[in-house]
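Enquirer: could you work out the structure for the sequence below:
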Amino acid sequence: IPGLSTEEEKSSTASEKEILNTGEPSWCEKKLRILVVDDALSNRKLLCRLLESKGHDCDMAENGQVALERVRENMLADEEPYDSILMDDEMPVMNGPTASGLIRELGCDVFIIGISGNVLSDDVQYFKSKGANAILPKPLQLPDLEDLFMEYHVTY
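Expert: The predicted structure follows:
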């Protein structure tokens, strides 16, 4: 992966193989448009690479402010809307819950999945109260994401 050291690339390739080798049939027949928001470049690249290997289109944002701008621009340009946003919780500039709330204030009803290492009940409820539809724990497991997409009919 460009921008990653050899050791990071080996690590991300191993992680990718672990996630991809589920032995399950393809979980989504529809090509989704997904915005991946995370302050760690390696996380953004890995997640986008995995999702793109499943046939989806991904855009990336390094913090909540950039994500908010991408969504706003998308709405103003009348482009194909995002099917989902994968939103990290803790980021510099603007965190995930704040960005989720502001995206909702724009009138955007995109399916937002909060990604967080803080999965205590109060933390999950706070993220949801700001606009996230669901929360997944870090490290993100692709089968969990697939299950959420199917449960909430994002794949249809």
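Enquirer: from here on, contacts and neighbour counts on C-alpha atoms
Expert: OK.
Enquirer: how many neighbouring residues does residue 85 have?
Expert: 23 (other CA atoms under 10 Å).
Enquirer: residues contacting it?
Expert: 34, 35, 36, 37, 110, 111, 112, 113 (CA atoms under 8 Å, 6 or more residues apart in numbering).
Enquirer: cutoff 7 Å now
Expert: 34, 35, 36, 111, 112, 113 (CA atoms under 7 Å, 6 or more residues apart in numbering).
Enquirer: surely residue 135 and residue 111 touch.
Expert: No - Residue 135 is not in contact with residue 111 according to CA atoms under 7 Å; the separation is 11.1 Å.
Enquirer: give me the low-pLDDT residue ranges for this structure?
Expert: 1-29, 156 (pLDDT under 70).
Enquirer: and stretch 84-97, how far apart are its ends?
Expert: Using CA to CA, to the nearest Å, the gap from the first to the last residue of stretch 84-97 comes to 15 Å.
Enquirer: show me what counts as buried in it.
Expert: Neighbour counts over stretch 84-97 (16 or more other CA atoms under 10 Å) mark 84, 85, 86, 87, 88, 89, 90, 91, 94, 95, 96, 97 as buried.
Enquirer: in terms of neighbours, single out the busier of residue 135 and residue 111.
Expert: residue 135 (25 against 20).
Enquirer: checking the residue lying closest to that one once chain neighbours are set aside next. Helix, strand or coil?
Expert: Nearest residue to residue 135, sequence neighbours excluded (CA to CA, 6 or more residues apart in numbering): residue 114, at 4.5 Å. Per DSSP: H, G, I helix; E, B strand; the rest coil, the local secondary structure of residue 114 is strand.
Enquirer: check residue 102 too.
Expert: helix.
Enquirer: quick one, strands of the chain?
Expert: Using DSSP state E, the strands of the chain run over 33-37, 57-61, 84-88, 111-116, 134-137.
Enquirer: using CSV, please lay out the ones you listed together with distance to residue 103.
Expert: As requested, the strands of the chain are arranged in CSV below (distance: least, CA to CA, whole Å):
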stretch, distance to residue 103
strand 33-37, 13
strand 57-61, 14
strand 84-88, 10
strand 111-116, 10
strand 134-137, 15
